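Enquirer: Quick one, structure for this:
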Amino acid sequence: MTLSDDVFEHGPDPDNPGWNHWNLKDQTLFNGAVMGKLLTRVEGEGDARRARLRMFPERRHENLQGIVHGAVTLSLVDIALFTTMHNLGSGNAGPSVTLELSTQFVGAGDPARPLDAVTEIVQETGRLVFVRGTVEQEGNRVAAFSGIVRKMRPRDPAS
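Expert: Residues are numbered from 1 along each chain as shown. Below is the predicted model of the structure:
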């Protein structure tokens, strides 16, 4: 089962040449309601290929210290696992679930600048995808992470 065009937008973004949308059509679901507009693109070639997922922090993404809330950064990381599968892996990011996510916060996110998760696939098997990456803003590192995603078989509608 692949990501359905009925529920998902992942085509070119006319306002950002070279970037693609990564948005659910139902903006009341988590991605749209909490994260806002998301963009993605692939950078590099061969073994140096990376996927980049970008969000645009707003006031609602700040904590009491005026920096990007850690939960927002973790959400960006989790979504990035799936954009990586779609852009660099088998092309099938759904249905899947996050099995493991390890994150190390190494800096503060500035809510005035786009926040990017830059990722690579370490290994993809028939059922698992191992991803690692960093969260950054214009070269400043905010976090490092690794995660494992399990590809699920579509549910039998009869069950």
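
Enquirer: Flag every buried residue along the strand with the most length in the chain.
Expert: Taking DSSP state E as the assignment, the strand of the chain that covers the most residues is strand 140-151. The neighbour-count check on strand 140-151 (16 or more other C-beta atoms under 10 Å) flags 142, 143, 144, 145, 146, 147, 148, 149, 151 as buried. Using the backbone N, CA and C atoms, a C-beta is placed for each residue, glycine as well.

Enquirer: Which pLDDT value does the model give the residue sitting nearest the centre point of the chain?
Expert: Centroid check for the chain by C-alpha atoms, centre = their mean gives residue 80 as the closest residue, at 1.9 Å. Listed pLDDT for residue 80 reads 96.

Enquirer: Could you check the angle the host helix or strand of it makes with strand 140-151?
Expert: Using DSSP states H and E, the element containing residue 80 is helix 70-88. Counting by axes from the mean of the first three to the mean of the last three C-alpha atoms, to 10 degrees, helix 70-88 points 60 degrees away from the direction of strand 140-151.
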